[in-house]
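Enquirer: coordinates for the following, if possible.
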Amino acid sequence: MKEQAIIVLGYPVKSLEHLLQRRLQLAQKDAEKNQINCIIVSGKGREGINEAEYMANWLVANGYEGQIIKERDSWDTIENLRFCNEICIKNYISSVKIITSWFHLSRVNLLAEHLLNVPFSLLGAPGGSVELLKEEYEVIKTLQKEIEEDKL
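Expert: Got it, this is the predicted structure:
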């Protein structure tokens with residue numbers, strides 16, 4: 001059984017603020033610091049560029065030598081976590097660190113509590129804006145209602 005893996009949640013590759021690259025930099029730094037030899041990259045993408053493929057290529061090009069597992073099919077955070085949960089079970093991963101952007105942490109925490117069957121922790125990469133945080137707040141309100149109504 002692998003002790004731990006890192007999950008990097010996708011973000012549009014062509015982002016002007018390079019949020020995806022900041023997530024990848026944080027993942028690589030944390031993996032090296034904590035000797036984590038498995039990173040799961042997650043996301044299909046809406047730009048015609050598969051986010052998981054892009055992230056795997058970025059990690060290799062930037063010297064990451066551990067195992068990279070690509071979750072290529074998810075369209076959103078809910079699918080990211082559902083599909084990554086299946087990967088964790090299949091690969092006997094006992095816990096994960098989820099890396100996303102700082103403004104996305106609350107939503108990921110809320111969803112991970114309901115969708116993951118492994119213990120998790122969160123790390124937030126820099127970048128983003130107050131406007132993105134405001135958008136997240138609105139999404140969280142909707143998700144909380146769906147969870148309360150058992151629709152998630």
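
Enquirer: residues in contact with the lengthiest helix in the chain: which ones?
Expert: Secondary structure assigned by DSSP state H gives helix 130-148 as the longest helix of the chain. When contacts are defined by Cβ atoms under 8 Å, 6 or more residues apart in numbering, helix 130-148 is touched by residues S101, F103, H104, S106, R107, L110, L111, H114, L152. C-betas here are computed from N, CA, C, even on glycine.

Enquirer: reformat those residues as JSON lines; add distance to G10.
Expert: Shown next, in JSON lines, are these (distance: Cβ to Cβ, whole Å):
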{"residue": "S101", "distance to G10": "11"}
{"residue": "F103", "distance to G10": "15"}
{"residue": "H104", "distance to G10": "11"}
{"residue": "S106", "distance to G10": "18"}
{"residue": "R107", "distance to G10": "14"}
{"residue": "L110", "distance to G10": "18"}
{"residue": "L111", "distance to G10": "14"}
{"residue": "H114", "distance to G10": "20"}
{"residue": "L152", "distance to G10": "20"}
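
Enquirer: what residues sit buried inside whichever strand or helix holds A52?
Expert: Following DSSP states H and E, one finds A52 within helix 51-61. Buried positions in helix 51-61, judged by neighbour count with 16 or more other Cβ atoms under 10 Å: E51, A52, E53, Y54, M55, A56, W58, L59.

Enquirer: and the residues you listed, which is closest to R23?
Expert: M55 (8.2 Å; Cβ to Cβ).

Enquirer: in PDB, could you pull the C-alpha coordinates for stretch 109-129?
Expert: Provided in PDB are the C-alpha atoms of stretch 109-129 (Å, rounded to 0.1, in the frame of the first residue of the first chain):
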ATOM      1  CA  ASN A 109     -12.900  20.500   1.600                       C
ATOM      2  CA  LEU A 110     -16.700  20.400   1.600                       C
ATOM      3  CA  LEU A 111     -16.700  18.000  -1.400                       C
ATOM      4  CA  ALA A 112     -13.900  15.800  -0.200                       C
ATOM      5  CA  GLU A 113     -15.600  15.200   3.100                       C
ATOM      6  CA  HIS A 114     -18.500  13.700   1.100                       C
ATOM      7  CA  LEU A 115     -16.700  12.100  -1.800                       C
ATOM      8  CA  LEU A 116     -13.400  10.600  -0.600                       C
ATOM      9  CA  ASN A 117     -13.000   7.400   1.200                       C
ATOM     10  CA  VAL A 118      -9.400   8.100   2.200                       C
ATOM     11  CA  PRO A 119      -8.100  10.700   4.700                       C
ATOM     12  CA  PHE A 120      -7.100  13.900   3.100                       C
ATOM     13  CA  SER A 121      -5.400  17.200   3.700                       C
ATOM     14  CA  LEU A 122      -5.400  20.400   1.600                       C
ATOM     15  CA  LEU A 123      -2.700  22.700   0.200                       C
ATOM     16  CA  GLY A 124      -3.600  26.000  -1.500                       C
ATOM     17  CA  ALA A 125      -1.400  27.400  -4.200                       C
ATOM     18  CA  PRO A 126      -1.000  31.200  -4.600                       C
ATOM     19  CA  GLY A 127      -2.800  33.200  -7.300                       C
ATOM     20  CA  GLY A 128      -6.300  34.200  -8.000                       C
ATOM     21  CA  SER A 129      -8.400  37.100  -6.900                       C
END
